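Engineer: just to be clear, the model below is a prediction. Sequence and coordinates:
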Amino acid sequence: MHDDRSIVEDRLHRVLRERVRPAVHSRPLPLEVRRWDAPGEPVPVAEGLAASYRPAAAGDRWGPAWGTTWFEVSGRVPREWAGRTVEAVLDLGFDRNLPGFQCEGLVYRPDGRAVKGLHPRNDWVRLGSPVTGGEEVLLYVEAAANPILTGQSPTRQGDRLTASSRPLYRLSRMDLAVFEEEVWELVQDLEVLGGLMVELSTGDARRYELLRAIERALDALDLSDVAATAPAARERLASVLASPAHRSAHRLSAVGHAHIDSAWLWPLRETVRKVARTSANVVSLMDDHPGFVFAMSQAQQLAWLKEHRPEVFAGVREKVSAGAFVPVGGMWVESDTNMVGGEAMARQFLYGKKFFLEEFGIETREVWLPDSFGYTAALPQLVKLSGSQWFLTQKISWSQTNKFPHHTFWWEGIDGTRVFTHFPPVDTYNSELSGAEVAHAARNYQEKGRGSRSLVPFGHGDGGGGPTREMLARAARLRDLEGSPTVRLEAPADFFEAAHAEYTQAPVWAGELYLELHRGTYTSQAKTKQGNRRSESLLREAELWAATAALRVPGYSYPYDELERIWKTVLLHQFHDILPGSSIAWVHREARETYARVGRELSEIIARAQAALAGDGPGTVVFNAAPHARGGVPAAGAAVAPGQVGEPVTAVQRTGGGYELGNGLLRVAVDRRGLVVSAHDLEADREAVAPGLAANLLQVHPDLPNHWDAWDIDEFYRHNTTDLVELDELTLAESSPERAVVLLRRSFGDSSVAQRLLLRRGAKRLEIDTEVDWQESEKILKAAFPLDVKAERSASETQFGHVFRPTHTNTTWEAAKFEICAHRWLHVEEPGWGAAVVNDSTYGHDVTRDVREDGGQTTTVRLSLLRAPRYPDPETDQGRHRLRYALVPGATIGDAVREGHWINLPEREVPGDRAVRPLVSVDDERVVVETVKLAEDRSGDVVVRLYESAGGRGGARLTTGFPLGGAVVTDLLERPIPDPAACRQEADGSIRLRLRPFQILTLRLSPAG
């Protein structure tokens, strides 16, 4: 037999494209259209419905970028259509290939009830099935002119302040039409069978069976009268559609989903509307398709829906009760997990799960993070402590270098906690259930022979939209079809329970899930990252001092509502396209404004609490919010005018230029270029800086990645380096027994930098305060510290602990980690001596090692200070920045933990005369008190969260600064959990703690009545 596969396949594609799909809607009848262009930002629905409309028609241009136009469409169903299914086809000027990334609409009835959303793959509104004829039609469409920003080229359209005022879209079609159901069903038959056919092997007889059936169906079709002949064509496909799947076929659990980015190529306010459109679509689909299950994460988005579209939220609540609409994830947003602080990660679960419990009575069990850019090794323990059991993502499939070896596995965190984890092998969270996608899922699945099932999230996502009726039709046809995996519509929990039951001995992956891509997100949009870090630190202070004042000062009221509102604001901005710096200019402009407001509000809360605690007597009270004592001030306490400790600081000029600073602990040499050529640990008699090299060396590299400007740093950036060694100024700006400051200024390119190198009395660290006027484009600025230490690995702070990474590049797995994330500190050491670099707002780092001619090893630690990508924000990081970091020679990991807290939690001096005893204290520095707050239930109980920070088993005694009535161990939601080994109350009122390595322990302490 001759091979005519390509002829039949090409025939199928053309007939579908040019004849069958266009015949789904017949007898088009234009609707009458009127419009109202809303000035400025979106208006409430009632205002849009009551506006003064003017005539409009198909072909009219509408919508400057980010504008909103309301369309009124009206008409009458012809009487001769009685008994037929009628739909309104409302095409706003869509590009069919970009659902969620262009104009969108939400359809309303005249009474303000939302009907459904509109996007390129979902542009219809059902008016009757069947109609009686003569019905009046009156609908309103709130149309959003969101610009298309997917081109990955610099554009000013990403902020309404700089966007063009020209109309972006042309109204295409506003019609009444008859919905030809048999034609639509034929489209689904042909798409499913044609998609499956081309995925089958050319040696598989089933492929040819499908080919001939499709050919017979096309022969039966009269292309001049598709509607009349569609039933005959479908008959010729019935037998191949009825043939059941093989017993060994891969099993797919299909879960409706719409991964809606809370901000990305659109601002937060537009996400509010995207959630409403998608939710309205989903509820409408559920009415017509029993058995359809939809999973939605991100409590914030449902909170928006409740606030802004309560009638849609009511429909969602009804479907949740029916088990069709399934809340998942248990987090406030789908956050970044690399850079979010430990306590903030805990609050993501606290406020997320609390919302689902309070609104729906649902205890979410699966953590759902399909699109975040890598996953911290601290997460498994947090998942378990939140009361969750399972974890899902698929983003690791994006890794450039190494293919992850598992799809279902146990993920082990830094403390040893394991969580059952699944990566959908379909390799997308936006599946359309196409033949290519389901076939790929089956082929790609790496647990064959041990496991047999995987999950596929289907629906238009990123910009929202969700599943369509076409996707549900595909699912129905693929339920039991020869040559295909089987497909079942079911909830994520059903999948996880079945997958766990069949594969309890799944392999184990220990440590972080590092994404070998998007490494630039550790650095892009520095002010967003600074705002996050500062907000996290201020929240710690605000809760600590407010809780202390609530227990100590009569009449002081703990600001529960303020703190919860601020926490939720900070958690929202930890979304995985905001904190990583990968959103449009509008998003980051608003983030800067929001963080400034949050900073003011938290500072006011802190000031009120400290003033109440310090009293009004003469003198100065020094407050220390850090979890370690310093300068005579206890951890989480305050002292009245503590004395200075340590030798006085000296500063002398060096021969040949530069300065030498000393304080009895550290001797620092700054040469005539302003570079640190020596940092001598006097206690250990050990030099930190590698011979012949210089620390605090600023380096500039070209930074134009192959793809994804704001997201990526590609390894080849290292091929070209410019060392900044030319000076504009070098002076000794300050010299006293308490401190010495060397000031230096440099100019480079179109930018300039001023640095203050500071050595304090009693401090074994060199602080570097860097102010940069950054005007570069497509470059990256790094600060290098070449250290004379033979480090086999680095330790980087992560949430509630640290993660080790090799400094070598023996395999592609290590080589791919050429840029890594660290929180407040990064530490390197050899047996007996180490050094740390700490920072107040930097996350991106790299660590390399070289062997010198003298046989010694140089380990170079670099901080990634600033980037300058041009997409999606063409002005990323342009302007003035202040970045603070410090070198700590001779540091152990414990020293790094302490110094990292100190640089982020500076002391505060407040007028007053009362010392403040800490509410809680521990007698072992390895046990770090992360949080002190009052309980969420407003009972007055004190909640303390602490962790073992050294990575070893630890014991400590916790004492309270108030009479203790009782203590229980709780989960992250402050609910009691059994853990008798971790906590025992002693006769003297103290609490004896026993902790595993990196264990997080939350205690609920009840004051004695």
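Structural biologist: Arrived safely, thanks for sending.
Engineer: give the buried residues for the helix or strand of the chain with the lowest mean pLDDT.
Structural biologist: Ranked by mean pLDDT, DSSP states H and E, the weakest helix or strand in the chain is strand 983-985, scoring a mean of 89. In terms of neighbour count (16 or more other C-beta atoms under 10 Å), strand 983-985 has its buried residues at 983, 985. For the C-beta atoms, the positions are set from N, CA and C on the backbone; glycine is no exception.
Engineer: what's the helix or strand just after it packed up against?
Structural biologist: Next along the chain after strand 983-985, taking DSSP states H and E as the criterion, comes strand 991-995. Counting contacts by 3 or more C-beta pairs under 8 Å, 6 or more residues apart in numbering; DSSP states H and E, strand 991-995 packs against strand 942-948, strand 954-960, strand 983-985, strand 1000-1007.
Engineer: point out where the chain drops to low pLDDT.
Structural biologist: 1 (pLDDT under 70).
Engineer: what do you get if the cut-off is 50, keeping everything else the same?
Structural biologist: For the chain, no stretch has pLDDT under 50.
Engineer: determine which residue lies closest to the centroid of it.
Structural biologist: Taking C-alpha atoms, centre = their mean, the centroid of the chain lies closest to residue 576, which sits 2.1 Å from it.
Engineer: list the contacts for it?
Structural biologist: 261, 333-336, 369, 371-373 (C-beta atoms under 8 Å, 6 or more residues apart in numbering).
Engineer: export the residues you listed as JSON lines, with columns for secondary structure and neighbour count.
Structural biologist: Shown next, in JSON lines, are these (DSSP: H, G, I helix; E, B strand; the rest coil; neighbours: other C-beta atoms under 10 Å):
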{"residue": "261", "secondary structure": "coil", "neighbour count": "24"}
{"residue": "333", "secondary structure": "coil", "neighbour count": "26"}
{"residue": "334", "secondary structure": "coil", "neighbour count": "28"}
{"residue": "335", "secondary structure": "strand", "neighbour count": "26"}
{"residue": "336", "secondary structure": "coil", "neighbour count": "28"}
{"residue": "369", "secondary structure": "coil", "neighbour count": "22"}
{"residue": "371", "secondary structure": "coil", "neighbour count": "18"}
{"residue": "372", "secondary structure": "coil", "neighbour count": "24"}
{"residue": "373", "secondary structure": "coil", "neighbour count": "25"}
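Engineer: in CSV, list the residues you listed along with distance to residue 810.
Structural biologist: Shown next, in CSV, are those (distance: C-beta to C-beta, whole Å):
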residue, distance to residue 810
261, 37
333, 37
334, 34
335, 33
336, 29
369, 30
371, 31
372, 28
373, 25
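Engineer: residue 1009: neighbour count?
Structural biologist: For residue 1009, the count of nearby residues is 5 (other C-beta atoms under 10 Å).
Engineer: spatially nearest residue to it, not counting backbone neighbours?
Structural biologist: residue 965 (6.3 Å; C-beta to C-beta, 6 or more residues apart in numbering).
Engineer: residue contacts, residue 291?
Structural biologist: residue 489.
Engineer: can you classify it as helix, strand or coil?
Structural biologist: Of the three states, residue 291 takes coil according to DSSP: H, G, I helix; E, B strand; the rest coil.
Engineer: ok, now how distant is it from residue 194?
Structural biologist: Separation of residue 291 from residue 194 (C-beta to C-beta, to the nearest Å): 25 Å.
Engineer: please apply the same query to residue 651.
Structural biologist: Counting by C-beta to C-beta, the gap from residue 651 to residue 194 is 79 Å.
Engineer: same check, this time on residue 358
Structural biologist: 47 Å.
Engineer: what does residue 999 give?
Structural biologist: Note on residue 999: its distance to residue 194, by C-beta to C-beta, is 55 Å.
Engineer: more neighbours, those two?
Structural biologist: Each of residue 999 and residue 194 has its neighbours counted (other C-beta under 10 Å); residue 999 has more, 23 against 18.
Engineer: longest helix in the protein, please.
Structural biologist: helix 585-614 (DSSP state H).
Engineer: that one packs against which elements?
Structural biologist: Against helix 585-614 (3+ C-beta pairs under 8 Å, 6+ apart) you get helix 526-552, helix 560-572, strand 620-624, strand 637-640, strand 908-911.
Engineer: which among those is found nearest to residue 774?
Structural biologist: Of all the helices and strands packed on helix 585-614, it is helix 526-552 that lies closest to residue 774, at 8.5 Å by C-beta to C-beta.
Engineer: helices of the stretch 751-900 of the chain, start to end?
Structural biologist: 812-815, 893-904 (DSSP state H, counting those that start in this stretch).
Engineer: alpha carbons of the last one, as CSV, please.
Structural biologist: The C-alpha trace of helix 893-904 is given here as CSV (Å, rounded to 0.1, in the frame of the first residue of the first chain):
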residue,chain,number,x,y,z
ILE,A,893,28.2,29.2,60.9
GLY,A,894,26.9,30.3,64.3
ASP,A,895,28.7,33.6,63.8
ALA,A,896,27.2,33.9,60.4
VAL,A,897,23.7,33.4,61.8
ARG,A,898,24.2,36.0,64.4
GLU,A,899,25.9,38.6,62.1
GLY,A,900,23.2,38.0,59.5
HIS,A,901,20.5,38.9,62.0
TRP,A,902,22.4,41.9,63.3
ILE,A,903,22.8,43.6,59.9
ASN,A,904,19.1,43.2,59.2
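Engineer: how about it: buried residues?
Structural biologist: 893, 895-904.
Engineer: would you list those in TSV and tack on distance to residue 842?
Structural biologist: Formatted as TSV, the buried residues of helix 893-904 follow (distance: C-beta to C-beta, whole Å):
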residue	distance to residue 842
893	19
895	19
896	14
897	17
898	18
899	14
900	11
901	15
902	16
903	11
904	11
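Engineer: ok, so of these, who is nearest residue 529?
Structural biologist: residue 904 (12.7 Å).
Engineer: look at the nearest residue to the closest one once chain neighbours are set aside and say how many residues are nearby.
Structural biologist: Excluding the flanking residues, the one nearest residue 904 by C-beta to C-beta, 6+ apart is residue 537, at 4.9 Å. Neighbours of residue 537 under the rule other C-beta under 10 Å: 22.
Engineer: got the contact list for residue 537?
Structural biologist: Contacts here follow C-beta under 8 Å, 6+ apart; on that basis residue 537 touches 625, 904-905.
Engineer: related to what we said a few turns ago, just want the phi and psi numbers for the residue nearest to residue 1009.
Structural biologist: phi -90, psi -40 (degrees, to the nearest 10).
Engineer: for residue 316, what are phi and psi?
Structural biologist: According to degrees, to the nearest 10, the main-chain angles of residue 316 amount to phi -60, psi -50.
Engineer: also the one 3 residues further on?
Structural biologist: The main-chain torsion angles of residue 319 are listed as degrees, to the nearest 10 and equal phi -70, psi -30.
Engineer: helix/strand/coil for residue 265?
Structural biologist: With three-state DSSP as the basis, residue 265 sits in coil.
Engineer: one more: residue 924?
Structural biologist: Going by three-state DSSP: residue 924 is coil.
Engineer: excluding chain neighbours, what is closest to it?
Structural biologist: Take residue 924 and drop its neighbours on the chain: the residue closest to it by C-beta to C-beta, 6+ apart is residue 956, 3.9 Å away.
Engineer: partner residues bridging the nearest residue to residue 842 once chain neighbours are set aside?
Structural biologist: Spatial nearest neighbour of residue 842, excluding adjacent residues (C-beta to C-beta, 6+ apart): residue 863 at 4.9 Å. As for beta bridges, residue 863 partners with residue 783, residue 845 under DSSP bridges.
Engineer: next, the buried residues of stretch 539-559.
Structural biologist: By 16+ other C-beta under 10 Å, the buried positions in stretch 539-559 come out as 539-552, 556, 558-559.
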